[in-house]
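>>> kindly generate the corresponding structure for this input.
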Amino acid sequence: MITIQLPTALRTFTDGQADLQFEALTVEAALCQLTEQFADLQRHLFDDNGKLRSFVNVYLNDEDVRSFDGVNTSLKDGDVLMLIPAIAGGRETPRT
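I've put the predicted structure just below:
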């Protein structure tokens, strides 16, 4: 079993659940199971072509999966995935 940890902003799509457990061999398989169980998350995590959105950061045990094999990264029992969508800041104040 692996655990997927969700930030507060995404918990509205998982009935408030912060930590979800799945059996998966890869990051992609875990995310597919997540979005199968909670379909409303699909559009927030993946684009229309099924690719992970560029602003969604996925960490495996505190390491960005991009430093491994991305969504093809292998998982093992006890691993923790954290989903962290990037948040854009407000308006930049012009300098005078």
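>>> where along the chain do the strands fall?
Secondary structure of the chain (DSSP state E): strands located at 2-5, 19-22, 56-60, 63-64, 80-85.
>>> just checking: what are the partner strands of the second one?
Taking DSSP bridges as the criterion, strand 19-22 pairs within the sheet with strand 2-5 (antiparallel).
>>> quick one on the thing from earlier: dump the strands of the chain into JSON lines; add mean pLDDT, distance to residue 74 and mean neighbour count as well.
Just so you know, the C-beta spots here come from the backbone N, C-alpha and C atoms, and that holds for glycine as well. Output for these, formatted as JSON lines (pLDDT from 0 to 100; distance: least, CB to CB, whole Å; neighbours: other CB atoms under 10 Å):
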{"stretch": "strand 2-5", "mean pLDDT": "98", "distance to residue 74": "11", "mean neighbour count": "19"}
{"stretch": "strand 19-22", "mean pLDDT": "97", "distance to residue 74": "14", "mean neighbour count": "14"}
{"stretch": "strand 56-60", "mean pLDDT": "95", "distance to residue 74": "9", "mean neighbour count": "18"}
{"stretch": "strand 63-64", "mean pLDDT": "96", "distance to residue 74": "13", "mean neighbour count": "12"}
{"stretch": "strand 80-85", "mean pLDDT": "94", "distance to residue 74": "12", "mean neighbour count": "17"}
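>>> residue contacts, residue 61?
Counting by CB atoms under 8 Å, 6 or more residues apart in numbering, residue 61 touches 79, 80.
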